[in-house]
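Enquirer: sharing a model that was predicted from the sequence below.
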Amino acid sequence: MSRHPQLHEDGALRHLLTLEGLPASLMTRILDTATSFVSVADREVKKVPLLRGKSVFNLFFENSTRTRTTFEIAAKRLSADVVNLNINASSTSKGESLLDTIDNLAAMQADMFVVRHAQSGAPYQIAEHLNKTGSNARVINAGDGQHAHPTQGLLDMYTIRHYKKDFTQLRVAIVGDLLHSRVARSDIHALTTLGVPEVRAIGPQTLLPAGLEHLGVQVYTDMRAGLKDVDVVIMLRLQNERMQGALLPSAQEYFHAFGLTPEKLRLAKPDAIVMHPGPMNRGVEIDSAVADGPQSVILSQVTFGIAVRMAVMSILAGH
Amino acid sequence: MSRHPQLHEDGALRHLLTLEGLPASLMTRILDTATSFVSVADREVKKVPLLRGKSVFNLFFENSTRTRTTFEIAAKRLSADVVNLNINASSTSKGESLLDTIDNLAAMQADMFVVRHAQSGAPYQIAEHLNKTGSNARVINAGDGQHAHPTQGLLDMYTIRHYKKDFTQLRVAIVGDLLHSRVARSDIHALTTLGVPEVRAIGPQTLLPAGLEHLGVQVYTDMRAGLKDVDVVIMLRLQNERMQGALLPSAQEYFHAFGLTPEKLRLAKPDAIVMHPGPMNRGVEIDSAVADGPQSVILSQVTFGIAVRMAVMSILAGH
Amino acid sequence: MSRHPQLHEDGALRHLLTLEGLPASLMTRILDTATSFVSVADREVKKVPLLRGKSVFNLFFENSTRTRTTFEIAAKRLSADVVNLNINASSTSKGESLLDTIDNLAAMQADMFVVRHAQSGAPYQIAEHLNKTGSNARVINAGDGQHAHPTQGLLDMYTIRHYKKDFTQLRVAIVGDLLHSRVARSDIHALTTLGVPEVRAIGPQTLLPAGLEHLGVQVYTDMRAGLKDVDVVIMLRLQNERMQGALLPSAQEYFHAFGLTPEKLRLAKPDAIVMHPGPMNRGVEIDSAVADGPQSVILSQVTFGIAVRMAVMSILAGH
């Protein structure tokens, strides 16, 4: 029987690779566990010994100081030993294959790999290899290509649950470059799995992937129509490089059509929350008045993100 | 009432940004606290748990392995979790603003930022922002542009007090490129605050800033005259790039006029000590016979520097 | 009386610089100590407090993520504080000398330096300097130029002893580019010291150093003849840059003559083990069928390498 490599035979979580197909019960367990870690951050001593003596390897094949830092902080608050590896400059430049690198690090008794890779599927490939070789090491996908960013998806769910309590009554809009966004993909899988009845995708035709309807998503190319009466607005970062391709006219035009301004935000419910995975392009996809305004929960996402990553790590480590 | 962002309302230290205007009582408290940490270094286990569970972020917008290392060591000896961020390659390259980066890291519950920045005032700007947003995070300026390097200034004071006991009887000469030196600026503020009656600046006209007299400093362009009967000689590093501009003739000529040789040092008091913030340019601003000679306390400065940084961190953390 | 800088007057280990001239008793003591650390890796909490409060500095003047990681893991499992310094970008670029850098780090009360340097003899020079200046800091050579890589040599000995028990009955072949290999040099010294009666060097004439016979090594340029009835095959990495020089024809031809294939391996004893220091060039010096085959102990070398480095560190620290 074919099984997803991220699950044990008994259905327990072995790796965290994608939210696609992850049962709601597992997502909810992660969010519940994260709740207990949110309070750790408020303590005088922000540490728990759950991963003491464990080795967590941050394997960043693609540079991302911000994401690496959140995992590093999460692991250290769990008392793990953390080793940071930026693999560009390393063995791969000596011609070693990805899986040889993994075998070597696993032979150093790594307990957990946090993997960021420009290539979609790389963390999946690593997890399958570890499973096959009988290793007990765990893999957390910290973003692979345009495929998935499951911990970002989970922290977004944590944030929504924190502010809105019940997923089953919500309208959620995701706005911007969904085509290239692993965050959007992970969010959509999580939202639909957790029972959100209405998920909307808003963006220019050129930045909306085909087949969104099959995921249960309603598509809008008119932002004002799409924002109408939503409870949650998830803004996506617009990569500057998109502007240089033929996909987009200019930053100003983009902002005019799809930038979140106070005026456009008024179309959403009065208590709608505004989210963004960061880093923001102020004045491109979001107006500073919104980013810093009372409906923004962008910095709460960051705080919850640490707790969610602690939760994932501690569950994978067997607690 | 306008107050310096580095002080709490009750006058206690909130951040350490500059020694300019810092009361003598606070400086003395830091030096006294450092004394207790000097002995930690001699223990079998060189650690105290004062910052256990705290997160210290080394934010280096300008590369400086040496300074970063001293703060990293100091934080680890206090049992803090340390995260090193070299921000050149990071989010700022993705177009995120300095304050957005800070907000994000603060949202990760950073307890302390050690900030090095090429731009004068950056740590000040960060501290003001944190104060304004209600964050409890602390900022230590680890060198900003040509403005200030307060922990270097304090470790210099520690060194002088260690060898000379009483500030109020001293003649101190600072020699070299005072124009571009944040170390010189911090030293001058500290020396005058702590009651040193005679501070001398020695250097070529082109490397002496205007207005030194207003800081209570006597200016000498003749090194021999300036060194006469001093108790302390603080040599400054001559940045090589100064040589390429029109400011200076050549390394040899500079050494001849302003390099500290055994012969010139004999003009100072027989028990004068020689200091240097490092890294040294041997044969440019200092002769090896002096750098490695019996009057040199340059390596003691490094040792005391760890203790002084531990003291600043532990005071800021509320101990 | 002239003494090797790596030994104390009483013959105890002060630094680990080279296996050349290191007494068999010391090697055996390191291997025995490593045995006790192999089991630490299997524990729930993979840590022992032997180096708690000690500061280990990884000084990598030459980039090597893999080797640096093994030392970092080893030090952290001993509960040391680890500071990683890549010194290319650092003070040396500011013109500071190697020994000034060392003096500075020693003044920060470094307990141990793990040194990797492109220049043969650099760790030796550092150790001599520390001895001379009365410092108690220890040096571990993590690879210097083409000279020595003693911890790799020791982990190779550990691996051989683990699988073959008795050194005094063995035939060991080292295959490939011995000319440029510090691993080969360290292995040869260790093997002959530990009583291996027959050590063979196999490679093309251009990659075999002169004088191997004086080290007690038998030279083969025919791989099939050299592999005959050996117990251990140590394959060496073929640096790609050798191919570009005139030293070698092509990767294919090299593989044909000196690549380890299942067919060639059958010439060795049936229970011969295959070793490689990594990273491997599959299809150049070793066939994947061998690298991943039942006789390969390549990943065990990595695991034992952590234990051996823990052993060296704990012995140097005085335990």
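Expert: Noted; the coordinates are in hand.
Enquirer: from here on, contacts and neighbour counts on C-alpha atoms
Expert: Fine.
Enquirer: who are the neighbours of the helix or strand harbouring residue A:66, in terms of helices and strands?
Expert: Secondary structure here is read from DSSP states H and E; on that basis residue A:66 sits in helix A:65-77. Under the contact definition 3 or more C-alpha pairs under 8 Å, 6 or more residues apart in numbering or on different chains; DSSP states H and E, helix A:65-77 sits against strand A:55-60, strand A:81-86, helix A:298-316, strand B:81-86.
Enquirer: and chain B, is the third one touching that?
Expert: It stands for helix A:298-316. Yes. With C-alpha under 8 Å from any C-alpha of the partner chain as the criterion, chain B is reached by helix A:298-316 at A:299-300, A:302-303, A:306.
Enquirer: same thing with the first one?
Expert: No. Figure legend: strand A:55-60 not in contact with chain B (C-alpha under 8 Å from any C-alpha); closest approach 12.9 Å.
Enquirer: check contacts around the nearest residue to residue A:130 once chain neighbours are set aside.
Expert: Distance criterion C-alpha to C-alpha, 6 or more residues apart in numbering or on different chains; nearest residue to residue A:130, sequence neighbours excluded, is residue A:137 at 6.9 Å. Applying C-alpha atoms under 8 Å, 6 or more residues apart in numbering or on different chains, we find residue A:137 in contact with A:106, A:109-113, A:130.
Enquirer: switch to 10 Å and redo it
Expert: Remark: with contacts taken as C-alpha atoms under 10 Å, 6 or more residues apart in numbering or on different chains, residue A:137 is in contact with A:14-15, A:55-56, A:105-107, A:109-113, A:127, A:130-131, A:316-317.
Enquirer: quick one: the helices in chain A, in order.
Expert: Under the criterion DSSP state H, chain A carries helices at the ranges A:24-38, A:65-77, A:98-107, A:122-132, A:150-164, A:182-193, A:223-227, A:240-244, A:251-258, A:262-265, A:288-291, A:298-316.
Enquirer: number of nearby residues for the closest residue to chain B within the stretch 201-319 of chain A?
Expert: Shortest the stretch 201-319 of chain A-to-chain B distance, computed as C-alpha to the nearest C-alpha: residue-wise this is residue A:303, at 5.1 Å. One way to gauge burial is a neighbour count; for residue A:303, by other C-alpha atoms under 10 Å in any protein chain shown, it gives 21.
Enquirer: from chain C, how far out is it?
Expert: From residue A:303 over to chain C the distance is 27 Å, taken as C-alpha to the nearest C-alpha, to the nearest Å.
Enquirer: now do residue A:145
Expert: Relative to chain C, residue A:145 is positioned 24 Å away (criterion: C-alpha to the nearest C-alpha).
Enquirer: over to residue A:234?
Expert: Look at residue A:234 and chain C: by C-alpha to the nearest C-alpha, they are 38 Å apart.
Enquirer: what pLDDT does residue A:58 get?
Expert: Predicted confidence (pLDDT) for residue A:58: 96.
Enquirer: list the residues that contact residue A:236.
Expert: Contacts of residue A:236 (C-alpha under 10 Å, 6+ apart): A:174-178, A:180-181, A:183-184, A:203, A:275-281, A:285-286.
Enquirer: check those against chain B, which are close?
Expert: Cross-checking those against chain B (C-alpha under 10 Å from any C-alpha of the partner chain) gives A:278-281 as the overlapping residues.
Enquirer: including neighbour count and distance to residue C:217, could these go into JSON lines?
Expert: Output for those, formatted as JSON lines (neighbours: other C-alpha atoms under 10 Å in any protein chain shown; distance: C-alpha to C-alpha, whole Å):
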{"residue": "A:278", "neighbour count": "19", "distance to residue C:217": "61"}
{"residue": "A:279", "neighbour count": "19", "distance to residue C:217": "60"}
{"residue": "A:280", "neighbour count": "26", "distance to residue C:217": "64"}
{"residue": "A:281", "neighbour count": "21", "distance to residue C:217": "65"}
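Enquirer: spatially, which two of those are the most separated?
Expert: A:278 and A:281 (8.3 Å; C-alpha to C-alpha).
Enquirer: wait, doesn't residue A:175 sit right on residue A:285?
Expert: Yes. Contact status for residue A:175 versus residue A:285: in contact at 8.7 Å, counting by C-alpha atoms under 10 Å.
Enquirer: got any residues that touch both of those two?
Expert: The contact sets of residue A:175 and residue A:285 overlap at A:235-237, A:258-260, A:276 (C-alpha under 10 Å, 6+ apart).
Enquirer: what sits against the residue of the stretch 151-300 of chain A found nearest chain C?
Expert: Distances between the stretch 151-300 of chain A and chain C by C-alpha to the nearest C-alpha are smallest at residue A:151, namely 25.8 Å. Residues near residue A:151 by C-alpha under 10 Å, 6+ apart: A:16-19, A:71, A:140-143, A:157, A:183, A:186-187, A:305-306, A:308-309, A:312.
Enquirer: and if we set it to 7 Å?
Expert: When the contact criterion is C-alpha atoms under 7 Å, 6 or more residues apart in numbering or on different chains, the partners of residue A:151 are A:142, A:309.
Enquirer: got it, and residue A:302?
Expert: Contact partners of residue A:302, counting by C-alpha under 7 Å, 6+ apart, are B:104, B:107-108.
Enquirer: can you check residue A:204 too?
Expert: Taking C-alpha under 7 Å, 6+ apart, we find residue A:204 in contact with residue A:221.
Enquirer: switch the cut-off to 10 Å
Expert: With contact taken as C-alpha under 10 Å, 6+ apart, residue A:204 is in contact with A:175-178, A:220-223, A:247-248, A:254, A:257-258.
Enquirer: also residue A:170?
Expert: A:160, A:164, A:191, A:195-199, A:229-232.
Enquirer: hmm, back to that, just the ones in strands from the contacts of residue A:236, please.
Expert: Taking DSSP state E as the definition of strands, the contacts of residue A:236 contribute A:174-175, A:275.
Enquirer: who wins for neighbours among the residues you listed?
Expert: Counting neighbours by other C-alpha under 10 Å, residue A:175 comes out on top of the ones in strands among the contacts of residue A:236 with 28 neighbours.
Enquirer: since that was my last question, I'll sign off now.
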